[in-house]
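Asker: Whatever this is, show me its structure:
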Amino acid sequence: MTGPTAVRVAPEVGWAQRRDRIFLTINVRECPKNYKLDIDSKKITFSGNNEQGTKEYVLDLDLYGEVNKEKYKMLASDRSIQLCLTRVEEGEYWPRLLETKIKCHFLKTDFNKWKDEDETDDEDESANWESMMNNMNIGGTELGSEDEVADSDDDDLPDLEDDKDIEKLE
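Answerer: Coordinates of the predicted model:
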């Protein structure tokens with residue numbers, strides 16, 4: 001129940017996607033228990049009040065594509081509500097989150113979760129690759145050890161002489 005001084009605001013929403021899922025973060029402060037969230041196949045609605053009753057958060061998103069309203073994960077904290085929605089049709093990335101092409105001031109790309117379409121979906125593959133590169137044994141010694149094989153390219157080169165300094169000596 002909102003009081004007469006409650007201000008209606010749209011919460012900031014961050015989003016990212018993969019071929020098979022959509023990530024949404026609804027940023028609401030002090031609204032951990034006082035909210036209502038409805039997820040439909042093409043629509044997400046959210047409403048809630050902060051603890052002081054000074055803000056009423058209202059959100060109504062008509063999605064570009066369909067999500068499975070039965071298969072989603074949610075994590076709620078006192079600062080945000082994070083959703084991982086499963087897309088009905090796995091495939092190409094959506095060109096935008098919403099059905100409409102109109103820019104919404106509260107909707108932002110979450111670059112912390114974003115992954116380009118051409119990147120591999122197997123996150124473990126990149127971690128394994130980095131681990132393999134770090135553990136490579138080059139020349140029979142570990143990288144960074146004091147027993148590294150000396151390289152002739154690392155020898156000190158003589159200083160270059162300036163032509164003017166040579167003339168002064170003569």
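
Asker: what helix or strand does residue 73 sit in?
Answerer: strand 67-76 (DSSP states H and E).

Asker: typo on my end, residue 38
Answerer: Assignment of secondary structure by DSSP H and E places residue 38 within strand 35-39.

Asker: which helices and strands sit right next to that strand?
Answerer: With contacts defined as 3 or more CB pairs under 8 Å, 6 or more residues apart in numbering; DSSP states H and E, strand 35-39 has these neighbours: strand 43-49, strand 67-76, strand 80-87. C-beta coordinates here come from the backbone N, C-alpha and C atoms, glycine included.

Asker: Tell me which other helices or strands the helix or strand just after the shortest one touches.
Answerer: If I follow you right, that is strand 43-49. Counting by DSSP H and E, the element after strand 43-49 in chain order, helix or strand, is strand 55-62. Secondary structure elements in contact with strand 55-62, counted by 3+ CB pairs under 8 Å, 6+ apart, are strand 7-9, strand 43-49.

Asker: and the longest one, which residues are buried?
Answerer: Yep, that's strand 43-49 we're talking about. 44, 46, 47, 48, 49 (16 or more other CB atoms under 10 Å).

Asker: now what about it, what contacts it?
Answerer: The contact list for strand 43-49 (CB atoms under 8 Å, 6 or more residues apart in numbering) reads 2, 6, 11, 24, 26, 28, 31, 34-38, 55-63, 81, 83.

Asker: what about 10 Å?
Answerer: Taking CB atoms under 10 Å, 6 or more residues apart in numbering as the criterion, the residues outside strand 43-49 that touch it are 1-3, 6, 8, 10-11, 13, 22, 24, 26, 28, 30-39, 55-63, 67, 69, 72, 81, 83, 85, 97, 99.

Asker: Extract the C-alpha trace of it and format it as PDB.
Answerer: Once non-C-alpha atoms are left out, strand 43-49 reads as follows in PDB (Å, rounded to 0.1, in the frame of the first residue of the first chain):
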ATOM      1  CA  LYS A  43       6.100 -10.000 -20.700                       C
ATOM      2  CA  ILE A  44       7.700  -9.300 -17.300                       C
ATOM      3  CA  THR A  45       6.000  -7.100 -14.800                       C
ATOM      4  CA  PHE A  46       7.400  -5.900 -11.500                       C
ATOM      5  CA  SER A  47       6.000  -3.600  -8.800                       C
ATOM      6  CA  GLY A  48       7.200  -2.900  -5.300                       C
ATOM      7  CA  ASN A  49       7.700  -0.300  -2.600                       C
END
